[in-house]
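Novice: For reference, the sequence and a predicted model appear below.
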Number of protein chains: 2
Amino acid sequence: MERFSKNQLERYPFYLKFLKVLEEKGEINVSSPTLAKELGYSEEQVRKDLQAVSDEAGRPKKGRNIHQLIETLETFLGYRQKTAAVLIGAGHLGGALLNYPYFEDMGLSIVAGFDTDPQKVGKQIGGKEILPLDKLAETIKEYKATIVIVAVPSFSAQEIVDLALKSGALAIWNFAPTHISVPEGIVVENVNLASSLAVLSHRLNFESSKGE
Amino acid sequence: MERFSKNQLERYPFYLKFLKVLEEKGEINVSSPTLAKELGYSEEQVRKDLQAVSDEAGRPKKGRNIHQLIETLETFLGYRQKTAAVLIGAGHLGGALLNYPYFEDMGLSIVAGFDTDPQKVGKQIGGKEILPLDKLAETIKEYKATIVIVAVPSFSAQEIVDLALKSGALAIWNFAPTHISVPEGIVVENVNLASSLAVLSHRLNFESSKGE
DNA sequence: TAGATTGTTAATCGATTAACAATC
DNA sequence: TAGATTGTTAATCGATTAACAATC
């Protein structure tokens, strides 16, 4: 198995999404130039990306079979096997994530939400029960929840993460706008709106008006 | 002005966040090794990153002044000037973004939300009025809203973006899980949960158990 | 066949890391 | 002074792009 860069991994869901649109339209095959043009990547990059995950070769003049490619990508991305997750912090953002309708399609199953607010505990959000934090350890163990989605305020993020890791979580999907430290071997993926906005702002201010 | 890579830009908010924690604690100076250790970057990278934005030199043995560095970063990131934005799609995710309390600190001012649902139009979410889509053009013009936050379903994202661009928007912050095409000179920044999860899943399945 | 598209190998580009002299 | 930390210059590393022969 090759090594996949972060950028490369991030591209696959975009391929998958567009392939599904094509499939919907009744298309059978798709070529690298077509994908490249649609998604704004280079042809070479598209070919490399697809070669890296597919053991089926593309066919000159035709390209690749869309249906097969979708299956390959869904398998590669782990959409065809269920992974259990818990979500901590059922505020506005956490609530939105509990209601996010696409996680199931991605193989991610949020088994419960957690919050310290007694007002929220016992209620359901997005069809998921909100439990008190002292139920976290047993829930993680019971469901073998390897992924913990962190949507708490910055100041409590590290504490929550430490707690979750003690209970056996292996990966942190961190939506709190702060860095968290974890031991070797634990995976952290940040969704940081400040970082995203920083990229956007910089491009807006320094690149788009750069005359070319 | 140098060129800043996406990765580099994404790091600055993490520096800023930690610097504010240090300031809160009453610290005066901070060194690159300290920042590096805390944030999991290399010392050299920290130095390069800070040198790139600061015209003040760091001082051997002491490091950099925290207060000054915060000011520098906030200015660089555009937190000290207001940029107007509109948000389209006041569903769960859009609603969470309308309620997100940190955008104002980042200089981002969401002036209104938009939705096609008559149930939502006229109401307020996160203190922002929800308007019908036919008010989009005039709102963008009136407030000089350069940034459009897109939180609509995939299938309508491109259409909404085209509409927004026609009204004078310059940047799209896309939370819909699909690629959108824009003309030269328009900035698109994607926050794609599927991409983020793809990175997390891959690391979880193929790296953390790789024995080292 | 001709030509579009493929996969592979080499070249380029850019970012990160390493090495080290300068300095408070 | 000694040593921690700095900034700079060079080396490495990895990802993207370019070139091109192979093939349906």
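Specialist: Arrived safely.
Novice: since we're on residue A:143, how many residues are nearby?
Specialist: Neighbour count of residue A:143, defined by other CB atoms under 10 Å in any protein chain shown: 15. Any C-beta I mention is one placed from the backbone N, CA and C, and that applies to glycine too.
Novice: can you tell me which residues contact it?
Specialist: A:84, A:86, A:111, A:112 (CB atoms under 8 Å, 6 or more residues apart in numbering or on different chains).
Novice: And the helices in chain A?
Specialist: Along chain A, counting by DSSP state H, helices occupy A:6-24, A:32-39, A:43-53, A:66-76, A:92-99, A:136-143, A:154-166, A:193-206.
Novice: Return the most buried member of these.
Specialist: Using mean count of other CB atoms under 10 Å in any protein chain shown, the stretch among the helices of chain A with the largest mean neighbour count is helix A:92-99, at a mean of 23.
Novice: List the contacts of that helix.
Specialist: With CB under 8 Å, 6+ apart, helix A:92-99 has contacts from A:87-88, A:90, A:103, A:110, A:113, A:115, A:125-128, A:149, A:151-152, A:175, B:92-93, B:95-96, B:99-100, B:126.
Novice: Please list which of those also come close to DNA strand D.
Specialist: The subset of these within reach of DNA strand D, by CB under 7 Å from any atom of the strand, is empty.
Novice: In strands only, show me those.
Specialist: The strands, defined by DSSP state E, take in A:87, A:88, A:110, A:113, A:125, A:128, A:149 from the contacts of helix A:92-99.
Novice: What about these, which one has the most neighbours?
Specialist: residue A:87 (30 neighbours).
Novice: got the contact list for it?
Specialist: Residue A:87 sits next to A:94, A:97, A:98, A:110, A:112, A:113, A:114, A:128, A:148, A:149, A:151 when contact means CB under 8 Å, 6+ apart.
Novice: Using TSV, lay out these together with pLDDT and distance to DNA strand C.
Specialist: As requested, the contacts of residue A:87 are arranged in TSV below (pLDDT from 0 to 100; distance: CB to the nearest atom of the strand, whole Å):
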residue	pLDDT	distance to DNA strand C
A:94	98	30
A:97	98	28
A:98	98	33
A:110	98	32
A:112	98	36
A:113	98	34
A:114	98	34
A:128	98	37
A:148	98	26
A:149	98	26
A:151	98	27
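Novice: from these, which is closest to residue A:48?
Specialist: Distance to residue A:48, by CB to CB, is smallest for residue A:149 among the contacts of residue A:87, at 31.4 Å.
Novice: List the residues that contact the closest one.
Specialist: A:85, A:86, A:87, A:88, A:94, A:97, A:110, A:173, A:175.
Novice: Bridged to the second one, which residues?
Specialist: Right, residue A:86. residue A:112, residue A:148 (DSSP bridges).
Novice: Would you confirm that it contacts residue A:140?
Specialist: Yes: between residue A:86 and residue A:140 there is a contact under CB atoms under 8 Å: 6.1 Å.
Novice: shared neighbours of those two, anything?
Specialist: The contact lists of residue A:86 and residue A:140 share A:148, A:164, A:169, where a contact means CB under 8 Å, 6+ apart.
Novice: so how far is residue B:92 from the first one?
Specialist: So that's residue A:148. Separation of residue A:148 from residue B:92 (CB to CB, to the nearest Å) stands at 20 Å.
Novice: What of the last one?
Specialist: For residue A:169, the distance to residue B:92 equals 25 Å [CB to CB].
Novice: just residue A:166 next, same as before
Specialist: 31 Å.
Novice: and if you look at residue A:77?
Specialist: Using CB to CB, residue A:77 is found at 23 Å from residue B:92.
Novice: quick one, what contacts residue A:84?
Specialist: Listed by CB under 8 Å, 6+ apart, the contact set of residue A:84 reads A:109, A:111, A:143, A:144, A:145, A:146, A:147.
Novice: if we go to 7 Å?
Specialist: A:109, A:111, A:143, A:144, A:145, A:146 (CB atoms under 7 Å, 6 or more residues apart in numbering or on different chains).
Novice: looking at these, which has the most residues close by?
Specialist: Top of the contacts of residue A:84 by neighbour count (other CB under 10 Å): residue A:145, with 26 neighbours.
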